[in-house]
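Chemist: Got a sequence here, can you model it:
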Amino acid sequence: MRGSPFILLFRGHRLVTGVLMLAGALGGAAVYAVMPDKYTATAQVLVTATGVQDQPNQLGPRQRESLNLDTEAQIAQSAVVTGRAAEKLGTRDIEEIRRHVTITVPPNSAILSISFTDATPTAAAAGAQAFATAYLANREATAAQALAAQQRLLAAALRDADKDLDVVTSSLPTLTKGSAEHLDATQRHGILDRQVAALTARADALKTTAITPGVVISPARPPEAPSGPGLPLFVGSGLFLGLLAASATAVLREGRSRATHAW
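Modeler: Residues are numbered from 1 along each chain as shown. Model prediction:
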């Protein structure tokens, strides 16, 4: 049974095909051998509502909580968080270590998977853990700043309400009971009194607010094996390139042979 034209073509140039495919496989193995090993470690962070009036977000297929995990993933590799991580790792090259980190969000979760790739297992684990810790520290600091700002606003509003209440209270004895002025002042006194009570309750609640930025639920551990494509992929790619080279060589040689016979 006759084979396809390509099979017949390769049969006529078996030696060249074999040599080029072997060279491709050896070349792929050589490239794999000289490439430095890379190790990737991953730390997983459960992101929780901080308790300080987090901005509500539209819920979607990538999240179940009222948190935008895609935004949190961007924050986790921002310049601020990277700077904190760099300090923990003892380096000042922020852009360099940022290239080593990858943040992913598992579907339908409130988890950030923080992966760090480096030349050694220990360095990879240290990098992933540094970013996880830095992210949570930054999230806690941001929430603390927001809480302090809210407390300042409430304190200012409470001072103003107290001042207005004192003015109305001191004016009541000077007004004639039953008069329109006395009735208006009495009503305003009740409104201000309730306002002061509400502001005081909110201020007391803020004083007991616990900030919960999240927690590392899976600490980074040194990987046991390098990450990235293995030897079979490099050898297979080399074989494929060798086959392509053999095809081109066989076609070229057949073309020359036909041209020679034509003369």
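Chemist: Confirm that Val216 sits in a strand.
Modeler: Yes - residue state for Val216 (DSSP: H, G, I helix; E, B strand; the rest coil) corresponds to a strand.
Chemist: Now do it against Gln195, distance only.
Modeler: 43 Å (CB to CB, to the nearest Å). Quick note: C-beta positions are derived from backbone N, CA and C, even for glycine.
Chemist: Also Ile114?
Modeler: Distance from Ile114 to Gln195, by CB to CB: 46 Å.
Chemist: Mind checking which of those two has more residues around it?
Modeler: Each of Ile114 and Gln195 has its neighbours counted (other CB atoms under 10 Å); Ile114 has more, 31 against 17.
Chemist: For the more buried one, give me its contacts.
Modeler: 42-45, 76, 101-103, 128, 131-132, 135, 220 (CB atoms under 8 Å, 6 or more residues apart in numbering).
Chemist: how about a cut-off of 10 Å?
Modeler: 41-45, 73, 76-77, 81, 85, 101-104, 127-135, 216, 218, 220 (CB atoms under 10 Å, 6 or more residues apart in numbering).
Chemist: Give me the PyMOL select line for the residues you listed, limited to the buried ones.
Modeler: Command for PyMOL, covering only those of those found buried under the criterion 16 or more other CB atoms under 10 Å:
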select buried, resi 41+42+43+44+45+73+76+77+81+85+101+102+103+127+128+129+130+131+132+133+134+135+216+220
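Chemist: The contacts of Ile114 in helices, which ones?
Modeler: 73, 76, 81, 85, 127-135 (DSSP state H).
Chemist: Turn those into JSON lines, including distance to Asp93.
Modeler: Listed next are the ones in helices among the contacts of Ile114 as JSON lines, based on distance: CB to CB, whole Å:
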{"residue": "Ala73", "distance to Asp93": "22"}
{"residue": "Ala76", "distance to Asp93": "18"}
{"residue": "Val81", "distance to Asp93": "15"}
{"residue": "Ala85", "distance to Asp93": "11"}
{"residue": "Gly127", "distance to Asp93": "12"}
{"residue": "Ala128", "distance to Asp93": "17"}
{"residue": "Gln129", "distance to Asp93": "18"}
{"residue": "Ala130", "distance to Asp93": "14"}
{"residue": "Phe131", "distance to Asp93": "15"}
{"residue": "Ala132", "distance to Asp93": "20"}
{"residue": "Thr133", "distance to Asp93": "19"}
{"residue": "Ala134", "distance to Asp93": "15"}
{"residue": "Tyr135", "distance to Asp93": "19"}
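Chemist: Does Thr176 lie in a helix or a strand, and which?
Modeler: Using DSSP states H and E, Thr176 sits in no helix or strand.
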